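1. Generate a structure from the sequence data that follows.
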Amino acid sequence: TALSQTEDRVRGFEAGANDYLSKPFNKQELAARIQAHLTASKAEMRHMENKVLESELRQRAVVEASLLETQGRLLEQLESAPEAIICLREDQRIRFANEAACKLFKRSLEQLKRSSADELIAPKYLTVKQPHYCGKIDIYIEDIRQNIEADILKLPEGSGLDVMYIFNVGGGANAARIHNLETAVE
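-> Sure, this is the predicted structure:
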């Protein structure tokens, strides 16, 4: 602007200006001031984005802690269940087996985890598409085919697991416990 008095500059700043350049102005100075303002604006935008990301990270940490606590309680429930339980990854490898499963299949936990599911479960029961199958399935115990009552639960995507098998090894399976497990994995 052609106005260069101090009062004029103060009025400009009070009106919302954040810089002032009086005439005659130097083009290099103008370009440098524009670049400085653009850089400051970008830095402020990045700062705001970082605050949002930091907030999201804090929220995720809280959710993750809650999920780990829930996972711990679920694993305790699975481990102490009287039913034999195994969980498979998508590659049909055993990711989890409880003590009852070790007894049923007559293998140690390490042996079960090194086993492929088709060594223990008849192939047609490895591709069940229903979210919850309940009925008799064929399994192999010491290479002998046996028929046993089982529940097969599809597990949520992103859980790292594909399916949970719950084998009824001691008479009537506790329907309420099966329902609670099904609800917990959803």
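2. can you pull out the strands in the chain?
-> 84-88, 94-97, 132-141, 144-154, 163-167 (DSSP state E).
3. got TSV for these, with distance to residue 119 and mean pLDDT too?
-> (Each C-beta comes from the backbone N, C-alpha and C, glycine too.) Converted to TSV, the strands of the chain look like this (distance: least, Cβ to Cβ, whole Å; pLDDT from 0 to 100):
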stretch	distance to residue 119	mean pLDDT
strand 84-88	12	93
strand 94-97	9	92
strand 132-141	7	93
strand 144-154	12	93
strand 163-167	13	93
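4. Got the domain ranges for the chain?
-> 6-48, 81-185 (automatic domain parsing).
5. coming back round to it: now tabulate the strands of the chain in TSV and tack on distance to residue 120 and mean neighbour count.
-> As requested, those are arranged in TSV below (distance: least, Cβ to Cβ, whole Å; neighbours: other Cβ atoms under 10 Å):
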stretch	distance to residue 120	mean neighbour count
strand 84-88	8	24
strand 94-97	8	21
strand 132-141	6	15
strand 144-154	11	16
strand 163-167	9	24
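6. Which one of those strands lies nearest to residue 40?
-> Across the strands of the chain, residue 40 has its closest neighbour in strand 94-97 (51.5 Å, Cβ to Cβ).
7. what does the closest one contact?
-> 75, 78, 84-89, 109, 112-113, 115, 117, 120, 160-161 (Cβ atoms under 8 Å, 6 or more residues apart in numbering).
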